[in-house]
Each structure stands twice: as structure tokens, then as C-alpha cells.
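1. sequence isn't available, so here's the structure alone:
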């Protein structure tokens, strides 16, 4: 499968968040071409502002593998990770991070740049299905106004 | 109770981590002079590198209050929060953060400075019982060598 195809699976998670009235962000973790974990934003449902898609997907992956490091895995997330999620990815030593849309407001880069908050070995790839990922967010916030 | 007295409670949590072979960091959350949540590092036990003292204490506080914001609360943590935990504190809109020892290696500041990763209304106070907090960490890493 291609990055676009995996991102479509992350978008499916984002759609689940959208359908539940949550900010529509979704994430999956892939290892050896297998989907091993998924997550979508559950901040409202859990009354927990740390229940982001990436946190849930990462913790699910640690549990699934019984390992606290994911150096061979890739996380796909529909929107640029926030500072918290970037920090969680650092600790996971994840091999590769792919995100869709940039997030100028809550993305990590406006706080961490020019520093790299990730593990030095982690590869970063951005912009995959960025328009689809961003338009789900825009639609959500428009519907809330 | 004073900041020092609350930090002693956070240090007690850190000692629990130490006793369980975890990097000794502890945290508590105080609201209206009441201790409403506590946490200690459980990364090894849970095989989850995101299971930091602060994450556990914050999530416990959200659950206890049924609220995802803590604008009137104070978190006491024995060691400077990492990037992930700083981001979690941002989302919590916590009123005040007090930490003991600085952490030049894994503290958030070497990634986020000169930016402020916290909510603009959050007050920060550092250095409370810093030597006690730092010496527990030093002792731990010395014992692991």
C-alpha cells in the first residue's frame, strides 16, 4: 500500500471523530505493512484534552507489541501533531511520521521550530492527502460556528 | 500548605517510582488546597513511554473533576516536564505549574525555548526542593550504571 492509501485509513478514523462531534483527527500505526493500531480524537468523550488520536494510537501500539519503542513503525496522522503528540512520538522512537495537513494554530512547529522535537532517526513526510485532511477540519469548525 | 510541603507529596510519588525501578518522577494536582490527583512514572510497568507522572496525574484530575480544563489547579512535579508533558499541560489550561529540578537533557526547554509552550495564563514556578528532586534522579541513574 502507498502512503496515500494508509492515509485514507487514518482519514477513516478522523471521520469517526467527526461523526462523534470530536475535532476530526485520526491516526494509524503501521508495522511491516500491517495496521497494528488506530486512534481518533476522543477529547470530548473522555473529558480528557490529552486523548488525541496519536496518543491513543501510540499507546495501542505499545500494548499490542508489548514494547515501548516503535523504531520500525510508521504513524500516519491526518493533521500535524501538536507539541504533546510530537513529544510522545519522540519517546516512542517511531521510525517514520507521515502527516496530512499542516496546523498553523495547534501544530507543534510554531512552538518547537527551528528545533526538531522528534528522535533524530525518525523520518518525517508531510502533505499526504493534505487537502482531504484539512477540509474535514474546516468543515467541522464551520459546522460549529 | 506551602509549595515545599506540596512538593514533598510529589516527592513521595517519585519515591514510589524509584522503589519500582522507574525513573523517579512524581506529580500531584492540587485544587483549592486539596490533593485531587497523583501520579508517578510507570513507563516500564506499562511498557508505555508516555506513562509519565504528569500525564497520569493530569488524566486522573480530569476524571476526578469530569472536566477537561484545570484553570484553578496547580500541578507539582519533581522534575521539569518534557515536551510531551508540557504540551499536555498546555491543553489542560492548568492555572499553575511548579517543578523542582531542571532537566537539561529531557526537559522541554531545550526544544521549546524561547517560546512558551504553556497556556498564556499559566503561572510557572521552579526550583522548589530542587536538590531533593534532583538527587533522587541522580541516585537512580547511578544505581543503574
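-> Nice, I can see it. These numbers were taken from a predicted model, which means no experiment stands behind them. Numbering: from 1, shown residues only, chains lettered A, B, ... in the order given.

2. quick one: the helices in chain A?
-> Along chain A, counting by DSSP state H, helices occupy A:3-19, A:43-46, A:53-65, A:83-92, A:109-112, A:130-144.

3. any part of the third one near chain B?
-> In other words, helix A:53-65. Yes - with CB under 8 Å from any CB of the partner chain as the criterion, chain B is reached by helix A:53-65 at A:55, A:58-59, A:62-63. Bear in mind the C-beta positions are built from the backbone N, C-alpha and C, glycine included.

4. who wins for most neighbours among those?
-> Among these, residue A:58 has the most neighbours (other CB atoms under 10 Å in any protein chain shown), with 28 neighbours.

5. gap between that one and residue A:80?
-> 16 Å (CB to CB, to the nearest Å).

6. and for residue A:110?
-> When residue A:110 is compared with residue A:80 (using CB to CB), they lie 10 Å apart.

7. got the contact list for the spatially most central residue of chain A?
-> By CA atoms, centre = their mean, chain A has its centre lying nearest to residue A:77, at 2.9 Å. Neighbour list for residue A:77: A:10, A:25-27, A:53-54, A:57, A:85, A:97-100 [criterion: CB atoms under 8 Å, 6 or more residues apart in numbering or on different chains].

8. got it, and residue A:65?
-> Contacts of residue A:65 by CB under 8 Å, 6+ apart are A:31, A:36.

9. and it, what's its pLDDT?
-> At residue A:65, the model reports a pLDDT of 96.

10. and it, how far is that from residue B:2?
-> Residue A:65 is 44 Å from residue B:2, by CB to CB.

11. spell out which residues of chain A are next to chain B.
-> A:43-44, A:46-50, A:55, A:58-59, A:62-63, A:66-69, A:82-88, A:90-92, A:108, A:110-112, A:115, A:117.

12. in PyMOL, select just the buried ones from those.
-> The PyMOL command for the buried members of those (criterion: 16 or more other CB atoms under 10 Å in any protein chain shown) is given here:
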select buried, chain A and resi 43+46+47+48+49+50+55+58+59+62+68+69+82+83+84+85+86+87+88+90+91+92+108+111+112+117
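
13. distance of residue A:100 from chain B?
-> 20 Å (CB to the nearest CB, to the nearest Å).

14. now swap in residue A:95 and tell me
-> Counting by CB to the nearest CB, the gap from residue A:95 to chain B is 15 Å.

15. ok, that residue - contacts?
-> By CB under 8 Å, 6+ apart, the neighbours of residue A:95 are A:70-74, A:121-123.

16. quick check: chain neighbours aside, which residue is closest to residue A:94?
-> Residue nearest to residue A:94 in three dimensions, not counting chain neighbours: residue A:70, with 4.5 Å by CB to CB, 6 or more residues apart in numbering or on different chains.

17. my guess is that neighbour contacts residue A:91. True?
-> No - with contacts defined as CB atoms under 8 Å, residue A:70 does not count as touching residue A:91, sitting 10.0 Å away.

18. burial of residue A:7, as a residue count?
-> For residue A:7, using other CB under 10 Å, the count is 25.
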